[in-house]
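Asks: structure for this input, please:
(chains A and B)
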Number of protein chains: 2
Amino acid sequence: MANRIESALERQFMLAEGPHAPPRLLAAMRHAVFPGGARIRPQLCLAVAKACSEDAPALSDAAATAIELLHCASLAHDDMPCFDDADLRRGRPTVHKAWGEPLALLAGDALIVMAFEALGRGADGCSPAQLARLPALLALVARCTGATDGIVGGQAWECEPRVDLSRYQQAKTGALFVASTCAGALAAGQPAAPWARLGECLGEAYQVADDIRDVLGDAVLLGKPVGQDAQHGRPSAAADLGLVGALQHFQGLMQAAVDSVPDCPSRDSLCRLVRSESERLVPQVACTRLLEEAGMVLASSHAGASSASALRGVAG
Amino acid sequence: MANRIESALERQFMLAEGPHAPPRLLAAMRHAVFPGGARIRPQLCLAVAKACSEDAPALSDAAATAIELLHCASLAHDDMPCFDDADLRRGRPTVHKAWGEPLALLAGDALIVMAFEALGRGADGCSPAQLARLPALLALVARCTGATDGIVGGQAWECEPRVDLSRYQQAKTGALFVASTCAGALAAGQPAAPWARLGECLGEAYQVADDIRDVLGDAVLLGKPVGQDAQHGRPSAAADLGLVGALQHFQGLMQAAVDSVPDCPSRDSLCRLVRSESERLVPQVACTRLLEEAGMVLASSHAGASSASALRGVAG
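Replies: From the prediction side, this is the model:
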């Protein structure tokens, strides 16, 4: 599946490249997209499409590609000086550090456009019945990216004087996970609703894991600076619930994600994907050790530091 | 037609607004879109749709709305400090001056997303035959906005060490005019090709007029700072051809635009739209006076200054 995603992304870039494209812009766009992170969103999209007996693989590919491009665009813009002012992302310079602010801004814009271009192209050669899925796919992907319930809106809550933490996280992180699972179903011509819960659980778990890793991780593991939430005064589950509370919440969400997967022939492989993602985000052995150590909190004031070392040791 | 465009844009915003949207982001988006400029691109789109006997007005509205939203998004981003660092646009503070850089960046992103959302929504309730136009419309609008031939690519040429002037202008300004005329035809189920030339001529004329006005206009007339091309070392027809050459080029392009309009029942009203746009951009009386004065260049070294005063007097 990983190959299928990289090929689909690469195809999209091949179509954009040529003697007439501004070469530095294309390079900045590639920098934002390749090499990728875990590509968990397009993996989810394709896994759900498969679970729904996909009959239009070009449309599933397009949905997966669009969602990953939008994710990469949002990272390029969020890293810019007027937001996180981050130097590193995935262990490499951020887009604006490598290519300058103007090209980072334009690369993000161009990737948003490319995402919707991919969706439209995915419908080429579809039957009329398959083509009829396109408006709903467009609406879903736009909603999960846009101003009201999407990642752009989520980021914009950082500019508001009053923030609803749950809405902020749901829009900033959760929305694109929901889009991932629901788009897989829609691309396969199935109803999206049964797959929304899986996206919601994973999105919230991802946010909680990110908060935990922002406290515990190290720059080598994450490939980006840690302590950003505290530094920027951002809402954080680790700050709200404490580290142990956040870990328990994470485990509960991952179990809820597994439980939410509808009965289907490929239920087992989908659950394996969820579990491997859980392990990637917060390794189980470190989680267990940290929760065991929590019993020692009453006996030792060093428990927090000790747990942090344990997780770093395993995860690194 | 102006009412139809404002209503379509307003409807799009009404759908985005609500108790759950970040209010400052929505306000920044509105600031970028209302009150508008001449709305010439959506006017062209709807005029061509009408000339092509439109049978799916919601789809024409969607195309016109998408194109105007993308235009407004590009202005908001181009005005930002890492590009033009402009304080004024249409006589008011630019989006980042009014709402800050983070919200100007996000407002532009959200408007790009909203544009494609509008396109998808325009297909709601369409017949299968009308729905079949959606992929081509998406491809057209994305191409005219994206990295290779679109406005984002055009802006990116400013970040390249070597610039092809014609490609820069075609992508930065011309592409969205071509999209406007061609989208009108596609939304009405007609071939786009016969309408491309009209968009090309208008796009190039608009660019030339902008260069002329950048030299001659005043801040009150344009609602934005003048002399930006020279200040930023940007390519300019007025710099390349001289002021008189640029005016002659402008007139030739506007005539070619009129000549390009295919034979159709509403040819006259389309030609009227082109002529009124020409008059709005560079008033004919000033143009004539300036070209007449050019005969005096040999006799007087003050001809340039005199022509400039004439155009300012009439246009203001």
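
Asks: mind checking pLDDT for A:Ala64?
Replies: Reading off the confidence values, A:Ala64 has pLDDT 98.

Asks: does chain B sit close to the helix or strand it falls within?
Replies: Here A:Ala64 sits within helix A:57-78, counting by DSSP states H and E. Yes. Using Cβ under 8 Å from any Cβ of the partner chain, helix A:57-78 reaches chain B at A:Ala73, A:His77. Where C-beta positions appear, they are placed from N, C-alpha and C, glycine not excepted.

Asks: with just CA atoms, put that helix into CSV.
Replies: Taking C-alpha atoms only, helix A:57-78 is exported to CSV below (Å, rounded to 0.1, in the frame of the first residue of the first chain):
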residue,chain,number,x,y,z
PRO,A,57,-9.1,2.5,-7.7
ALA,A,58,-8.2,5.8,-9.5
LEU,A,59,-10.8,7.6,-7.4
SER,A,60,-9.5,6.1,-4.2
ASP,A,61,-5.9,7.0,-5.2
ALA,A,62,-7.1,10.5,-6.0
ALA,A,63,-8.8,10.9,-2.6
ALA,A,64,-5.7,9.5,-0.8
THR,A,65,-3.4,11.8,-2.8
ALA,A,66,-5.6,14.9,-2.2
ILE,A,67,-5.7,14.3,1.6
GLU,A,68,-1.9,13.8,1.9
LEU,A,69,-1.2,16.9,-0.3
LEU,A,70,-3.5,19.0,1.9
HIS,A,71,-1.8,17.6,5.0
CYS,A,72,1.7,18.5,3.6
ALA,A,73,0.4,22.0,2.6
SER,A,74,-0.8,22.7,6.1
LEU,A,75,2.5,21.6,7.6
ALA,A,76,4.5,23.9,5.2
HIS,A,77,2.2,26.9,6.2
ASP,A,78,2.0,26.1,9.9
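
Asks: and the following helix or strand past that helix, which strands flank it?
Replies: Next in sequence after helix A:57-78, counting helices and strands by DSSP H and E, comes strand A:88-89. Strand A:88-89 sits in its sheet next to strand A:92-93 (antiparallel), going by DSSP bridges.

Asks: just the mean pLDDT for the partner strand, thanks.
Replies: Rounded mean pLDDT across strand A:92-93 is 97.

Asks: chain center to it, what's the gap?
Replies: Its chain's C-alpha centre lies 19 Å from the corresponding centre of strand A:92-93 when counted by Cα atoms, centre = their mean, to the nearest Å.

Asks: what of stretch A:166-177?
Replies: With Cα atoms, centre = their mean, you get 10 Å for stretch A:166-177.

Asks: how about A:Ile151: what's its closest non-neighbour residue?
Replies: Of all residues not flanking A:Ile151 in the chain, A:Ser74 sits nearest, at 4.8 Å (Cβ to Cβ, 6 or more residues apart in numbering or on different chains).

Asks: contact partners for that neighbour?
Replies: Neighbour list for A:Ser74: A:Gly108, A:Thr145, A:Ile151, A:Val152, A:Gln155 [criterion: Cβ atoms under 8 Å, 6 or more residues apart in numbering or on different chains].

Asks: can I get those in TSV with secondary structure, distance to B:Glu160 and pLDDT?
Replies: Formatted as TSV, these follow (DSSP: H, G, I helix; E, B strand; the rest coil; distance: Cβ to Cβ, whole Å; pLDDT from 0 to 100):
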residue	secondary structure	distance to B:Glu160	pLDDT
A:Gly108	helix	18	98
A:Thr145	coil	29	97
A:Ile151	helix	29	95
A:Val152	helix	28	97
A:Gln155	helix	29	94
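
Asks: next helix or strand past whatever helix or strand A:Ala115 lives in?
Replies: In this assignment (DSSP H and E), A:Ala115 forms part of helix A:101-122. As assigned by DSSP H and E, the chain's next helix or strand after helix A:101-122 is helix A:128-131.

Asks: could I get the buried residue list for that next one?
Replies: By 16 or more other Cβ atoms under 10 Å in any protein chain shown, the buried positions in helix A:128-131 come out as A:Gln130, A:Leu131.

Asks: likewise stretch A:17-31?
Replies: A:Ala21, A:Pro22, A:Arg24, A:Leu25, A:Leu26, A:Ala27, A:Ala28, A:Met29, A:Arg30, A:His31.

Asks: list the contacts of that stretch.
Replies: Looking at what lies outside stretch A:17-31 - Cβ under 8 Å, 6+ apart - the contacts are A:13, A:16, A:92, A:95, A:98-99, A:103-104, A:106-107, A:110-111, A:114, B:147-149, B:152-153, B:156-157, B:159-160, B:167.

Asks: CA atoms only: put that stretch into PDB for me.
Replies: The C-alpha trace of stretch A:17-31 is given here as PDB (Å, rounded to 0.1, in the frame of the first residue of the first chain):
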ATOM      1  CA  GLU A  17       6.500  19.200 -13.900                       C
ATOM      2  CA  GLY A  18       7.900  20.200 -17.300                       C
ATOM      3  CA  PRO A  19       9.900  22.800 -19.000                       C
ATOM      4  CA  HIS A  20       7.300  25.500 -18.300                       C
ATOM      5  CA  ALA A  21       7.000  25.200 -14.500                       C
ATOM      6  CA  PRO A  22       9.000  27.500 -12.200                       C
ATOM      7  CA  PRO A  23      11.700  25.000 -11.100                       C
ATOM      8  CA  ARG A  24      12.200  26.400  -7.600                       C
ATOM      9  CA  LEU A  25       8.500  26.300  -6.800                       C
ATOM     10  CA  LEU A  26       8.300  22.700  -7.900                       C
ATOM     11  CA  ALA A  27      11.400  21.800  -5.800                       C
ATOM     12  CA  ALA A  28       9.800  23.500  -2.700                       C
ATOM     13  CA  MET A  29       6.600  21.600  -3.300                       C
ATOM     14  CA  ARG A  30       8.600  18.300  -3.500                       C
ATOM     15  CA  HIS A  31      10.400  19.300  -0.400                       C
END
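
Asks: fine by me, we can end here.
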